[in-house]
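J.: Predicted model and sequence below, questions to follow.
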Amino acid sequence: MKTSIGTEVPEFIEKKKGRGKLKPFEGAWTRLRKGWMDEPTVSLPTKAKMPHASKMEKDLRTAIEKANPRDGMTVSFHHHLRNGDALVNRTMDILAELGIQNITLAASSLSAVHAHLIPYLENGTITEIWTSGMRGELGKAVSAGKLAYRAVIHSHGGRARAIHTGELSIDLAVLAASAADEEGNATGCCGPSAFGSMGYAIMDARYAKQVIVVTDHIVPYPCIPISIEQTDVDYVVKVDQLGDVGEIASGTTRITKAPLDLRIARLAAQVIEHSEFMTNGFSFQVGAGGASLATAKYVHEIMKKHGIKGSFLLGGVTSYVVELMQHGLFQSVFDVQSFDAAVSSSLFSDRNHIEISSDMYANPFNCGSMVNKLDIVVLGALEVDVNFNVNVITSSEGTIMGASGGHCDTAAGTKLAVVVCPSFRSRIPTIKRKVQHVVTPGESVDVVVTERGICVNPIHPHLEDRLRTAGLPIRRIQDLHDEVDAIVGVPDAVSYNDRIVAVIEYRDGTTIDVIHEIKH
Amino acid sequence: MLRHTKKRRSMLYIPGNNAAMIQQGGVFGADCVLLDLEDSISLAEKDAARILLKHAIPAVDFYGAEVVVRINHQDTPFGYEDLQEIVPIQPDGLRLPKIESAAEVLHVIRLIEKIEDEHHLPHDRLTVEAMIETAVGVENALEIAHSSPRVTAVAIGGQDLAADMGITLEHGIGSLEYASQRIVMAAKAAHIDVMDTVFVDIDDEDGLRASARRARHLGFTGKAAINPRQIDIINEVFSPNESEIADAIDIVSAYKRHNAAGVGVFALQGKMVDAPVVARAMRILNLADIDADTL
């Protein structure tokens, strides 16, 4: 069956728990319009602890053994440790040693370090994956068909929704914290492995049937601040190290010096300046990628030039974004994920730097998450097609290598979604007739900015007029596509087998696209 | 096309053997791109660079930027070969390095025109820029600037000139003040453009801005850039500000009214406006992409 943007998705798909019916994507806002959802809300698990009973366990294996591990269980993790994470691999090692099979791995995202898990895909320990993204060899392994059932690629808001509705039912959440007390109150913003916000872990802690907090830094009760509350936590484990501290959070994110990224960023900032949305009190989100973050630098300059003061900054937060607040250009930062070490101290000490859950950040099935209040977001892309659909998940070779993240959430919520990308990378076009896989539908993408010009979605003629009047280099996206093809040629199409290895969920739970097994 | 321009505020140096940079040369907003066959190309790469430019220049869209090729000096084994390959493809201009006299310019132009004749090409399309990089060249700047109508710009080559003078530029280019002024004055006398030398510290934005402001103050038309990150700053410095544009609009508008009434000199807000003032205002409008006919 076809989605409303023309992608082909099957009516049913093989899941661990039998055949599952897929709902095709029917529009970015279609399902939200009526104001309530038909999906159920799962109740929070009911638990009990005796007064003064200890939650401390001597090691992770003991805690896992007490958490009733069993075949077919779903185990969840957050990805705030990024590529420094050792907890996912260690937990899966223990579960494999215990002989647990047929596990659903539900990590909010997976990094290159998780290539360690590939043998567990091959031997049936892990048979299903829910995640926002997969980097490195693990993504290639899933694309090559090594997972028994399909992976589900979700957005950050979509994950919150899936947990909230019970579509993703977590049996055990194993949550890393950079500091915790013996009752399980936990934070990510202090301690030797501080990584900042624990925004993606909060839903897991709330809804999982069993919760283990793992930390390398036990603090006297009570841990302050509290990101994960003791009322949700069953067990606490102290380990020597959470992972590779250098990879967990290192230094500050620097603004790129790459001329091409800076060129794109300057154009993107000019788009923002001349849109109608950059006014006093506007809200803003940028990613940590080269051109995205550099856009913040130019927006900073424009705000100073015009004396504009913004309201809040949202999302994945870098130290540069924190500086924008510290310079008085924005009132507050709402932080679901911190990208560098320098952010942790601000989150710890600045009352205007506020940690939020993925539910508050981007869940479409509540009474309004913060993405709904965004005025402007700047997003990256691996590919954009002539209908403004964006792929941020698969490489030019068709393998899973990126992450859905908050891309489709913020694009849907904001007033102005600006996608920044080079028109081609090396010899591979970024602007394509059709993207390999759609993560964010074109109807929610307003402007695409490349080094070779700016493409405004034709559904916004008023915006195009404004930008053209301002003297910006406006192009038809079809013309830009033709030019890029003339420069680098049209790559051969990727060959896929019929088998579906991953389903790409839109934030509302519908299926926007599927990823097939790579043909070798 | 992103834009069309004949302004010469910024000129981006690109090594002639770097296909990736050539391909992106036009996207950074430089008014001119200078595709180099000379100093940035090693001896072993000279042929490869020449062949690459021969094919790339007609194929790549530079989005209206002026395309200039810096060839090797005619005293080298590569200079004439550069002309033979590059003149037939007719970029917008050729930059001649280490020019020391008018005779030298005229010699190269004769070679250019011989090749143009062989290919049935006109003599009025390809422009020539003379780069002054020696003490002799500085002293002969006026005759160089006046040497041919095909010479539309001169440029100061700061690094080579400092070497020729036996000085270093570690503390700015103040020691090239005389050379800069002499070359600028020669260009002004010949009514042609004059380009300032590069600023080599690509991470020093404040230093670049100060250097560009000094060049503009001296009378340079524009400045060379060795990194695309320098272009925006150079363009900004060499562009008129809002106040200058507003004044220019007032002057040209008033001039058109008075000229229609047969008055050549008039007063505007208590200041005399005559032909030179109008000419300057017209230049500002051109830099601001404002068509005087629309006023």
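T.: Done, it's in.
J.: where do the helices sit along chain B?
T.: B:19-23, B:46-59, B:79-86, B:102-118, B:135-139, B:141-145, B:158-165, B:177-190, B:205-218, B:231-237, B:242-260, B:275-287 (DSSP state H).
J.: So which of those helices is nearest A:E273?
T.: helix B:231-237 (14.3 Å; CB to CB). Just so you know, the C-beta spots here come from the backbone N, C-alpha and C atoms, and that holds for glycine as well.
J.: buried stuff in the closest one?
T.: B:I231, B:D232, B:I233, B:I234, B:N235, B:V237 (16 or more other CB atoms under 10 Å in any protein chain shown).
J.: What is that helix packed up against?
T.: strand B:10-15, helix B:205-218, strand B:222-225 (3 or more CB pairs under 8 Å, 6 or more residues apart in numbering or on different chains; DSSP states H and E).
J.: hang on, the earlier thing: list just the nearest of the buried residues of helix B:231-237 to chain A.
T.: B:D232 (6.6 Å; CB to the nearest CB).
J.: before we move on, the earlier item: find the one among the helices and strands packed on helix B:231-237 with the highest mean neighbour count.
T.: Most buried of the helices and strands packed on helix B:231-237 by mean neighbour count (mean count of other CB atoms under 10 Å in any protein chain shown) is strand B:222-225; its value is a mean of 26.
J.: Where does confidence bottom out across the buried residues of helix B:231-237?
T.: When the buried residues of helix B:231-237 are compared by pLDDT, B:D232 scores lowest at 93.
J.: ok, now which ones touch it?
T.: B:D232 sits next to A:R266, B:G29 when contact means CB atoms under 8 Å, 6 or more residues apart in numbering or on different chains.
J.: Distance check, it against B:E118.
T.: 42 Å (CB to CB, to the nearest Å).
J.: returning to that earlier point: and the furthest pair within the buried residues of helix B:231-237?
T.: B:I231 and B:V237 (11.0 Å).
J.: So the closest residue to A:T279 other than its chain neighbours: helix, strand or coil?
T.: Spatial nearest neighbour of A:T279, excluding adjacent residues (CB to CB, 6 or more residues apart in numbering or on different chains): A:I308 at 6.9 Å. Assigned by DSSP: H, G, I helix; E, B strand; the rest coil, the conformation of A:I308 is coil.
J.: How about A:G315?
T.: Assignment for A:G315 (three-state DSSP): strand.
J.: Beta-bridge partners for the residue nearest to it when sequence neighbours are not counted, please?
T.: In space, and not counting its chain neighbours, A:G315 is closest to A:Q285: 4.2 Å by CB to CB, 6+ apart. A:Q285 has these beta-bridge partners by DSSP bridges: A:V377.
J.: Count the neighbours of A:Q285 for me.
T.: 28 (other CB atoms under 10 Å in any protein chain shown).
J.: quick one, what contacts it?
T.: Contacts for A:Q285 (CB under 8 Å, 6+ apart) come out as A:L313, A:L314, A:G315, A:L374, A:I376, A:V377, A:V378, A:T410, A:T414.
J.: separation between it and B:I156?
T.: Taken as CB to CB, the span from A:Q285 to B:I156 is 46 Å.
J.: repeat for B:L176
T.: 7 Å.
J.: what's the answer for B:A187, then?
T.: 10 Å.
J.: anything in contact with each of these two?
T.: B:V194.
J.: burial of A:D492, as a residue count?
T.: Using other CB under 10 Å, the number of residues around A:D492 comes to 6.
J.: What strand or helix carries it?
T.: A:D492 belongs to no helix or strand when assigned by DSSP states H and E.
J.: Following the helix or strand harbouring A:S345 in sequence, what is the next regular element?
T.: Counting by DSSP H and E, the element that carries A:S345 is helix A:342-349. Later in the chain than helix A:342-349, the nearest helix or strand by DSSP H and E is strand A:353-355.
J.: Any buried residues in that following strand, and which?
T.: A:H353, A:E355.
J.: Tell me if A:V174 really is in a strand.
T.: Yes. A:V174: assigned to a strand according to three-state DSSP.
J.: Let me see the contact set for it.
T.: A:L60, A:I64, A:V75, A:S76, A:F77, A:L87, A:V88, A:T91, A:I212, A:V214.
J.: The closest residue in space to the third one that isn't next to it in sequence: what's it in contact with?
T.: Taking CB to CB, 6+ apart, and ignoring the residues beside it in sequence, A:V75 has A:L172 as its nearest neighbour in space, at 4.9 Å. Taking CB under 8 Å, 6+ apart as the contact definition, A:L172 lies against A:I64, A:A67, A:P69, A:M73, A:T74, A:V75, A:S76, A:A208, A:K209, A:Q210, A:V211, A:I212.
J.: and with 7 Å instead?
T.: For A:L172, the contact set (CB atoms under 7 Å, 6 or more residues apart in numbering or on different chains) comprises A:A67, A:M73, A:V75, A:A208, A:Q210.
J.: okay, it: pLDDT?
T.: pLDDT, read off for A:L172, is 98.
J.: ok, now B:H171?
T.: 56.
J.: Count the neighbours of A:H52 for me.
T.: 5.
J.: just to revisit the earlier point, redo the helices of chain B as a markdown table? Include distance to A:H116.
T.: As requested, the helices of chain B are exported to a markdown table (distance: least, CB to CB, whole Å):
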| stretch | distance to A:H116 |
| --- | --- |
| helix B:19-23 | 36 |
| helix B:46-59 | 45 |
| helix B:79-86 | 56 |
| helix B:102-118 | 65 |
| helix B:135-139 | 65 |
| helix B:141-145 | 68 |
| helix B:158-165 | 53 |
| helix B:177-190 | 62 |
| helix B:205-218 | 44 |
| helix B:231-237 | 45 |
| helix B:242-260 | 59 |
| helix B:275-287 | 60 |
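J.: out of these, nearest to A:E167?
T.: helix B:19-23 (45.9 Å).
J.: Look through chain B and state the residue closest to chain A.
T.: B:P228 (3.4 Å).
J.: show me the contacts for residue 85.
T.: No chain specified, so I'll use chain A. Contacts of A:D85 (CB under 7 Å, 6+ apart): A:H79, A:S111, A:V113, A:G243.
J.: The intended chain is chain B.
T.: Here B:E85 is in contact with B:R50, B:K54 (criterion: CB under 7 Å, 6+ apart).
J.: same thing with the one 4 residues further on?
T.: Residues in contact with B:I89 (CB under 7 Å, 6+ apart) are B:K54, B:I57, B:P58.
J.: let's see 10 Å
T.: Residues in contact with B:I89, defined by CB atoms under 10 Å, 6 or more residues apart in numbering or on different chains, are B:L53, B:K54, B:H55, B:A56, B:I57, B:P58, B:V67, B:V69, B:H119, B:L121, B:L126.
J.: Can you turn the buried part of those into a PyMOL selection?
T.: In PyMOL, a selection of the buried entries from the contacts of B:I89 looks like this (16+ other CB under 10 Å):
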select buried, chain B and resi 53+54+56+57+67+69+121+126
